[in-house]
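In: Sharing a model that was predicted from the sequence below.
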Amino acid sequence: MQCLFCKIINKEIPSDIVYEDEKVISFKDIHPKAPIHFLILPKKHIPSVNHLEETDKELVGNLFLVAKNIARDKNLNGYKLIVNVGREGGQLIDHLHLHLLAGWKSPEEREIPKMP
Ligand code: 5GP
Ligand code: ZN
């Protein structure tokens, strides 16, 4: 049984894709916690940070580079990158992903979103 994000990667479930290459995909979060909320994930099914292996180093680096490039392309001057790990860390979908959050109009507004 494929996980929800693998189904999105395989286009079995529709999503609003922001970026895609051979190894990484980014799409809009269905329940945004900020005015701009993207998820950035490896196409390889890695359940969480706790499941990372030495051989995943380059892939993890790519996630951050994709985040940076999306932010540049969307003219985002500042943003938050968040990774939830495990249920107690607020992770609900067991497929490694970065949350890219941005677009607040004021610092007060920025503090409102709670993860998850
Ligand atoms: P987590 O809590 O695992 O770190 O984050 C999972 C995120 O996936 C949540 O912010 C949630 O809103 C988002 N999400 C859950 N189901 C879907 C879906 O079917 N499509 C999209 N685009 N996002 C989803
Ligand atoms: Zn998966």
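Out: That came through, no problem. Numbers count the residues shown, from 1 in each chain. Ligands and ions are numbered 1, 2, ... in the order given.
In: pull the longest helix from this protein.
Out: helix 57-73 (DSSP state H).
In: Can that helix be said to contact ligand 1?
Out: No: in terms of C-beta under 6 Å from any ligand atom, no part of helix 57-73 sits within range of ligand 1; the closest distance is 13.6 Å. Using the backbone N, CA and C atoms, a C-beta is placed for each residue, glycine as well.
In: Show me how far that helix is from its chain's centre.
Out: Here helix 57-73 is found 10 Å from its chain centre; the criterion is C-alpha atoms, centre = their mean, to the nearest Å.
In: now for the helix or strand just after it, which elements pack on it?
Out: Per DSSP states H and E, the first helix or strand lying C-terminal to helix 57-73 is strand 80-82. Packing partners of strand 80-82 (3 or more C-beta pairs under 8 Å, 6 or more residues apart in numbering; DSSP states H and E): strand 98-102.
In: For the strand it packs on, output the C-alpha coordinates as PDB.
Out: Provided in PDB are the C-alpha atoms of strand 98-102 (Å, rounded to 0.1, in the frame of the first residue of the first chain):
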ATOM      1  CA  LEU A  98       9.900  20.000   4.500                       C
ATOM      2  CA  HIS A  99       7.100  22.600   5.200                       C
ATOM      3  CA  LEU A 100       7.900  26.000   3.500                       C
ATOM      4  CA  LEU A 101       5.800  28.700   5.200                       C
ATOM      5  CA  ALA A 102       5.800  32.300   4.200                       C
END
